[in-house]
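[1] just coords:
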């Protein structure tokens, strides 16, 4: 049995022989396999643990504080995710290296054998995505929040949804912003499986799908000479590898100094190269990034070949494939409050929105992904959510039952 452990260092795995072990025994396995002392561990099934800033904050999470409680009583099974907080630093364990068998000296190898054992890293000239186009309002709402509210002081990210055309063009029509914790150089997405299931159901009804990842770089990062940092490469590779969509796009938003000495918001788009995704999936990347490491270089666990040189450090630009950018006017509005920001979105916002748009047809009033996400929390995710979203897709009449429900939710506020 395998349990996934998410900490500030990312996602790691702990192997368990007996699914009926206690929390105390699980902590012993974490100490052995992940090198975090038992006395320094705080475990929880609640992802908000990773938002805690002090050890005192850790004490609020008590669902796994009883050492004698069997983990089976928490509903944990193969593949479940737990959240781990700890103080201080640790060394992330690398892969075991097997010694060469005795007597291997002088073993004959052909040139093909030697080449097959090498991992070559070179630039990929052509992306699998012909172009990425952003809905103007969606892109503006995302960058405006980062610029005007956060002043590009901390990182922000989102998952992009839209369509892929037959020509390989990606059209982004809305951005879902998951719960997250952003810092000056790092971004932790607090993935909520239940909420993402609702988002995917809305996208299904709209005839869309998840097509990419967007994030911002901070002002403090602008002093470094890199396109993407090593942390950003790892995060982008993880999400692209998870998607299995060959046209998947990673977009970065940053401030750039213009000719007048002012700062302009600038969008760039990339795909992570096929080699990058292969290296990530096969575990070649060093994921323990220290503060003193050069952010423009990705460290490998063993030598790769770059040009004619064997090295364990690869310039991140080798992993990036530039994608052209354009814009369009998509089918959705972007005026409803955005999820998972500083203030929670309430039903009062729904009432204000409906009052403000009362002169429009009802289907037009609800043609906003962020509104649909709020409403969908009160609907059946498998049937009602895609059905309501499909009304928005075709801009057809909304069944009276859905309309009455949405209006009653608004008046209930």
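    Yes, it's here. Remember, predicted model here, so these are calculated numbers, not experimental data. Numbers count the residues shown, from 1 in each chain.

[2] in stretch 44-64, what's buried?
    Neighbour counts using 16 or more other C-beta atoms under 10 Å place 44, 47, 49-50, 52, 58, 61, 64 of stretch 44-64 among the buried residues. Every residue, glycine included, has its C-beta placed from N, CA and C.

[3] what does that stretch contact?
    6-8, 23, 42-43, 74, 76, 82-85, 87, 179, 181, 188, 190-192 (C-beta atoms under 8 Å, 6 or more residues apart in numbering).

[4] sorry, back to before: least confident of the buried residues of stretch 44-64?
    The pLDDT minimum for the buried residues of stretch 44-64 sits at residue 52, where the score is 78.

[5] low-confidence stretches in the stretch 151-300 of the chain?
    261 (pLDDT under 70).

[6] still on that earlier bit, hmm, which of the contacts of stretch 44-64 are the buried ones?
    Buried among the contacts of stretch 44-64 (16+ other C-beta under 10 Å): 6-7, 23, 42-43, 76, 82-85, 179, 181, 188, 190.

[7] do you have the strands of the stretch 151-300 of the chain handy? List them.
    Residue ranges of the strands in the stretch 151-300 of the chain, as given by DSSP state E, counting those that start in this stretch, are 157-164, 169-176, 180-182, 187-189, 209-216, 249-257, 263-272, 297-306.

[8] same question for stretch 317-324, mean pLDDT?
    On average, stretch 317-324 scores 96.

[9] equivalent analysis for stretch 362-382, please.
    Computed over stretch 362-382, the average pLDDT equals 96.

[10] span of it from start to end?
    Criterion C-alpha to C-alpha, to the nearest Å; first-to-last residue distance in stretch 362-382 is 23 Å.

[11] and stretch 390-405, by the same measure?
    First residue to last in stretch 390-405 (C-alpha to C-alpha) measures 17 Å.

[12] does the nearest residue to residue 246 once chain neighbours are set aside sit in a helix, a strand or a coil?
    Sequence neighbours aside, residue 128 is the residue nearest to residue 246 in space, at 4.3 Å (criterion: C-beta to C-beta, 6 or more residues apart in numbering). The three-state assignment at residue 128 reads coil, by DSSP: H, G, I helix; E, B strand; the rest coil.

[13] how far away is residue 128 from residue 258?
    Counting by C-beta to C-beta, to the nearest Å, the gap from residue 128 to residue 258 is 32 Å.

[14] which of the two has more neighbours?
    Higher neighbour count among residue 128 and residue 258: residue 128, with 15 against 10, using other C-beta atoms under 10 Å.

[15] pretty sure that one contacts residue 244?
    No: using C-beta atoms under 8 Å, residue 128 is not in contact with residue 244; the gap is 12.0 Å.
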